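Novice: Please find the sequence and the predicted model below.
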Amino acid sequence: DNSQHILKREKPCEHKFNIQKEHRGSKIKLEIYNETDMASASGYTPVPSVSEFQYIETETISNTPSPDLTVMSIDKSVLSPGESATITTIVKDIDGNPVNEVHINKTVARENLKGLWDYGPLKKENVPGKYTQVITYRGHSNERIDISFKYAMSFTKEISIRGRL
C-alpha cells in the first residue's frame, strides 16, 4: 500500500513483521541502512550510511478449512466381506488452498452393531490437503455405517458405507 515505516535499533536485533491476509501476493521492499556506531568506532573514520534493498514476496497462507471447498469421497460404498473402501478427503481453505495439518475428528454411527469392521488410521498423504482412511468390512451381518469427519472442530462431513453378506 506504499506505506513507510522506520524501525530503529541500537544493537543488532531481529524484527518481526505481521503480514496479514490482505497483504497476500504483495511484494514488500525493505531498505536496510548500515551505519557506523560512533560510540563503538573511536579512532576510526566513520563510514557513511549505506543502504541495501531486500524484497519479501508474500504467499497465501492456508486458512481455516472451508465447509464449501472441502470434499469427502469414497471409492466403493457397498462392500462384501473382506473388501475395503478408501475414504479420501481434500481439505481446502476459503481461497481454495490446501490445508495441511488440520485436526480431523472421526466418529462412526452403526446401523445395528452386528457387522464386523476394521478402521485403518486416518493418514495425511503427500499431496497437500489430502487425507485418506481405509475401512474394511469383515462380514457377520448386513449393516450400514456412517463415517463423520469433523474438521478443525468447526464443521462436519459424512459418508455412508454398506456391508452386505
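Specialist: In hand now; what should we look at?
Novice: which regions of the chain lie under the pLDDT threshold?
Specialist: The chain contains residues with pLDDT under 70 at 1-63.
Novice: And the strands in it, which stretches?
Specialist: Applying DSSP state E to the chain gives strands spanning 27-34, 50-57, 71-74, 78-79, 84-90, 104-110, 116-119, 123-124, 130-139, 143-151, 155-163.
Novice: Now stretch 70-83 - C-alpha only, PDB.
Specialist: The C-alpha coordinates for stretch 70-83 follow below in PDB (Å, rounded to 0.1, in the frame of the first residue of the first chain):
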ATOM      1  CA  THR A  70     -13.600 -29.400   1.500                       C
ATOM      2  CA  VAL A  71     -14.500 -32.600  -0.400                       C
ATOM      3  CA  MET A  72     -15.000 -36.100   1.100                       C
ATOM      4  CA  SER A  73     -15.400 -39.100  -1.300                       C
ATOM      5  CA  ILE A  74     -15.300 -42.800  -1.200                       C
ATOM      6  CA  ASP A  75     -14.200 -45.300  -3.900                       C
ATOM      7  CA  LYS A  76     -16.700 -48.000  -3.000                       C
ATOM      8  CA  SER A  77     -19.800 -47.500  -1.000                       C
ATOM      9  CA  VAL A  78     -21.100 -51.100  -0.900                       C
ATOM     10  CA  LEU A  79     -18.700 -53.800   0.400                       C
ATOM     11  CA  SER A  80     -18.800 -57.600   0.500                       C
ATOM     12  CA  PRO A  81     -16.900 -59.400   3.300                       C
ATOM     13  CA  GLY A  82     -13.200 -58.900   3.000                       C
ATOM     14  CA  GLU A  83     -13.500 -55.800   0.800                       C
END
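Novice: coming back round to it: out of the strands of the chain, which is closest to residue 65?
Specialist: strand 143-151 (4.5 Å; C-beta to C-beta). C-beta coordinates here come from the backbone N, C-alpha and C atoms, glycine included.
Novice: Can you dump the C-alpha atoms of that closest one in CSV for me?
Specialist: Below are the C-alpha coordinates for strand 143-151, written out as CSV (Å, rounded to 0.1, in the frame of the first residue of the first chain):
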residue,chain,number,x,y,z
GLU,A,143,-25.0,-53.2,8.2
ARG,A,144,-24.7,-49.6,7.2
ILE,A,145,-22.2,-47.3,8.9
ASP,A,146,-22.0,-43.5,8.7
ILE,A,147,-18.5,-42.1,9.0
SER,A,148,-18.3,-38.4,10.1
PHE,A,149,-15.2,-36.3,10.0
LYS,A,150,-15.2,-33.0,12.0
TYR,A,151,-12.6,-30.6,10.6
